[in-house]
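S.K.: sequence and computational prediction follow.
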Amino acid sequence: MERMVDVGEVELFVRELGRRSDEPSLVVIHGGPDVGHGYLVPGFAEVDRHVVLFDFRGCGRSTRGLPAERLQPEYVVEDTRRLIEELGLEQVDLLGFSTGGRAAMQFVDKHPELVRRLVLASTTAYDGRAAEEYLAGWDEYQRRERAAKPEERNSTIFVWDLAKAPAYLELLESLGDEGDWSWERAMAGLYHPWCPGDPETILRDFAKPILILHGEKDMGFPVQLAERLHTAVPNSQLAVIPGTAHMCHFERPDLWSEQLNNFLG
């Protein structure tokens, strides 16, 4: 089911997969922010849960054209809380993908009572300098980075199996423009942090089950960062999808959904 949901200041484009049951719904916070949530849909076809995906404000089919100062991470977190309230979901399971993983960390810091279990998918708790330590010495990443073309939209970086990169690019192209969030504003440091607190402390204090779900060959956030976070957070478990990069849900949706089903119960 697809619909627009009014959460106060904005309307969010929402997609619901599966049927509601006595089990908590799985609410998904996408990454980017750019094209909206549509690129994540392939990963949820076999997930045995009521799944709620939505486009951020300023992305996809949600409210567009907001003043620049209303496009900040804390508003995405508040929109998520209001969406849960408007849908009458009460306590949910929460999945944050890539940038959305850091938004999910902010969410459980502010609203831990609303979340039963947390999934951190293809994301990181650490800044860009931590990733550079591993990327600098990774020959395959360096080769792909040098060969990448703007029109490929990072498809050869985000997907490990290059035979699948054209299909991933086709999916991206089908989703429309890249939204209102400005890369220039991001580079100028005008966006607030997606997780303003210390992620390790937040996740330890959350003290509920956490799944860190990561591609073995992720070239955005190398898997060593997922391993580091798992070591630092005792209430976490780590699942690594072999032979996949950042978009592991796209490359191996079967293994990705299996891990989600096992964790969510």
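M.R.: Perfect, I can see it now.

S.K.: near the closest residue to P209 other than its chain neighbours, how many other residues are there?
M.R.: Leaving out its chain neighbours, the residue that sits closest to P209 by Cβ to Cβ, 6 or more residues apart in numbering is R117, at 4.8 Å. C-betas here are computed from N, CA, C, even on glycine. With neighbours defined by other Cβ atoms under 10 Å, the count for R117 comes to 18.

S.K.: I'd guessed R117 sits against L211; true?
M.R.: Yes - when contacts are counted by Cβ atoms under 8 Å, R117 is listed as touching L211 (7.3 Å).

S.K.: so how far is the least confident helix or strand in the chain by mean pLDDT off the chain centroid?
M.R.: Taking all helices and strands of the chain together, the one with the lowest average confidence (mean pLDDT, DSSP states H and E) is helix 183-187, at a mean of 90. Centroid separation between helix 183-187 and its chain, computed with Cα atoms, centre = their mean, to the nearest Å, is 19 Å.

S.K.: can you list contacts of it?
M.R.: When contacts are defined by Cβ atoms under 8 Å, 6 or more residues apart in numbering, helix 183-187 is touched by residues A68, Y191.

S.K.: need the three-state assignment for H246.
M.R.: Each residue gets one of three states, and H246 gets coil by DSSP: H, G, I helix; E, B strand; the rest coil.

S.K.: give the contact list for it.
M.R.: With Cβ under 8 Å, 6+ apart as the criterion, the residues that contact H246 are S98, S122, I157, F158, V159, G215, D218, M219, G220, F221.

S.K.: how many other residues sit next to the residue lying closest to R20 once chain neighbours are set aside?
M.R.: Among residues not flanking R20 along the chain, H50 sits closest, at 4.7 Å (Cβ to Cβ, 6+ apart). Close neighbours of H50, defined as other Cβ under 10 Å, add up to 20.
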